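Asks: Based on what follows, work out the 3D shape:
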Amino acid sequence: MRAIHFGAGNIGRGFIGKILADAGWSVTFADVNETLVGQIARDGRYPVDIVGSGSRREEVTGVTAVSSIGEEIVARIASADLVTTAVGPAVLPKIAPTIARGLEARVAAGKHAPLNIIACENTIRGTTQLKDAIFGHLPAAVAAVVEIEVGFADSAVDRIVPPAPPVEGEPLAVTVEEFSEWIVDRTQLKGWTHDIPGMELTDDLMAFVERKLFTLNTGHAITAYLGFEKGLPTIRDAIEDEGIRAVVKAAMEESGAVLIRRYGFDPAKHAAYIEKILGRFANPFIRDDVARVGREPLRKLGKGDRLIRPLLGTLEYGLPHENLVKGIAAALHYRNDGDPQAVEMQAAITEVGVAAAVDRFSGNALPAEVLAEIAAAAQI
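Replies: Predicted coordinates:
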């Protein structure tokens with residue numbers, strides 16, 4: 001079975017690419033980084049250091065790589081059984097034309113075997129976003145065939161793959177945490193008959209998408225922003241601060257109350273899930289800088305993302321949200337001259353004030369009284 005994976009960075013190599021290769025798939029990475037592509041194509045393997053309570057090194061084999069902007073990738077898509085991505089949500093529209101060309105070549109060649117496309121991104125329904133972008137580049141006749149023969153399955157992904165210092169003599173080595181979760185919407189797959197360890201199929205994807213968004217992503221962001229305020233360098237340093245840990249845990253409990261109401265999650269099991277997330281943040285083997293996790297604050301303050309979306313859920317069900325507000329207020333203190341979104345955020349706050357700025361960032365999603373709560377908590 002042949003898989004194309006867009007994105008040969010640490011996440012691509014350490015997460016989805018590894019799962020597929022471990023399951024015996026022939027994996028071709030596609031990337032714009034020519035040096036990285038050349039190294040993978042030359043070596044055909046790379047080491048993955050899995051860190052945690054059972055730290056170990058595993059070797060990924062049977063992989064290759066091609067340029068994601070050349071002609072070879074088009075031919076490979078035309079004959080693939082699976083296409084996955086780990087490029088970042090903003091990059092999905094940029095790879096859509098290439099995937100569209102591959103699908104057009106596939107239809108022209110008369111290949112009717114099932115093909116499934118899965119965007120493994122840190123966003124809600126990333127594959128649906130990718131599908132919309134791809135169909136914008138397909139002729140109508142080709143689009144009609146693709147709609148019938150190609151599956152576009154949304155997924156939820158979860159694994160911390162922080163930047164790590166390069167290993168001398170091992171440019172492809174990547175470090176990941178032990179925990180990983182890849183959940184795929186079974187109802188959107190076409191002709192799927194494969195069993196891939198590490199991939200879980202579900203008929204209720206949104207429950208898992210929001211569980212991860214409201215717990216890991218919400219907690220991760222709030223830990224980063226509170227840590228930044230206190231001058232703490234890493235997520236581990238931040239979560240080991242008793243005051244920060246208390247706010248982060250309480251915020252995840254507030255967002256968790258939304259999940260329990262919305263999806264009927266078992267309260268005890270969700271409480272255990274929160275504790276597992278807190279333990280992952282404290283992993284002593286992973287150095288995850290708060291500045292990195294806090295990047296792109298405007299995206300995180302969007303109405304569909306990790307800070308505002310759970311807050312909106314508490315408003316929907318009339319639930320407490322004091323600690324979510326504290327987390328949002330902390331985000332407004334994030335400063336990073338190397339992050340255009342952080343610069344834009346501070347400029348907007350200076351120009352119009354906290355309440356009006358958050359109203360703008362969140363797409364006018366919050367009522368005035370909640371904007372006032374955030375402004376009071378931010379004290380800017």
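Asks: Mind jotting down where the strands sit in this structure?
Replies: Applying DSSP state E to the chain gives strands spanning 2-6, 26-31, 45-51, 56-61, 63-67, 82-85, 115-119, 150-152, 155-158, 174-177, 181-185, 199-202.
Asks: Can you add mean pLDDT and distance to residue 342 and give those back as TSV?
Replies: The way it works is simple: take the backbone N, C-alpha and C, and place the C-beta from them, glycine included. Shown next, in TSV, are these (pLDDT from 0 to 100; distance: least, Cβ to Cβ, whole Å):
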stretch	mean pLDDT	distance to residue 342
strand 2-6	98	27
strand 26-31	98	27
strand 45-51	95	29
strand 56-61	96	35
strand 63-67	98	32
strand 82-85	98	26
strand 115-119	98	26
strand 150-152	98	33
strand 155-158	95	25
strand 174-177	94	26
strand 181-185	97	29
strand 199-202	98	35
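Asks: Output the ones you listed in TSV, with distance to residue 344 appended to each entry.
Replies: Listed next are those as TSV, based on distance: least, Cβ to Cβ, whole Å:
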stretch	distance to residue 344
strand 2-6	28
strand 26-31	28
strand 45-51	35
strand 56-61	39
strand 63-67	33
strand 82-85	27
strand 115-119	26
strand 150-152	32
strand 155-158	28
strand 174-177	31
strand 181-185	32
strand 199-202	37
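Asks: quick one: which of these is nearest residue 165?
Replies: strand 174-177 (9.2 Å; Cβ to Cβ).
Asks: still on that earlier bit, quick one, which of the strands of the chain is nearest to residue 351?
Replies: strand 115-119 (35.3 Å).
Asks: Export that closest one to PDB, keeping only CA atoms.
Replies: C-alpha atoms of strand 115-119 as PDB (Å, rounded to 0.1, in the frame of the first residue of the first chain):
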ATOM      1  CA  LEU A 115      -8.000   6.700  -2.600                       C
ATOM      2  CA  ASN A 116      -8.500   8.500   0.700                       C
ATOM      3  CA  ILE A 117      -7.100  11.800   1.700                       C
ATOM      4  CA  ILE A 118      -6.700  12.800   5.400                       C
ATOM      5  CA  ALA A 119      -5.400  16.100   6.600                       C
END
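Asks: okay, the angle between that strand and strand 2-6?
Replies: With axes from the mean of the first three to the mean of the last three Cα atoms, to 10 degrees defining the directions, strand 115-119 sits at 30 degrees from strand 2-6.
Asks: okay, now the domains of the chain?
Replies: Listed domain ranges for the chain are 2-203, 206-378 (source: automatic domain parsing).
Asks: now the ones you listed in TSV, with mean neighbour count?
Replies: Shown next, in TSV, are the domains of the chain (neighbours: other Cβ atoms under 10 Å):
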stretch	mean neighbour count
domain 2-203	18
domain 206-378	19
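Asks: To residue 272, which of the strands of the chain lies closest?
Replies: In terms of Cβ to Cβ, the element of the strands of the chain nearest to residue 272 is strand 181-185, at 14.7 Å.
Asks: List the strands paired with that closest one, with their directions.
Replies: strand 155-158 (antiparallel), strand 199-202 (parallel) (DSSP bridges).
Asks: Next, format those as JSON lines and append distance to residue 247.
Replies: Output for these, formatted as JSON lines (distance: least, Cβ to Cβ, whole Å):
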{"stretch": "strand 155-158", "distance to residue 247": "22"}
{"stretch": "strand 199-202", "distance to residue 247": "31"}
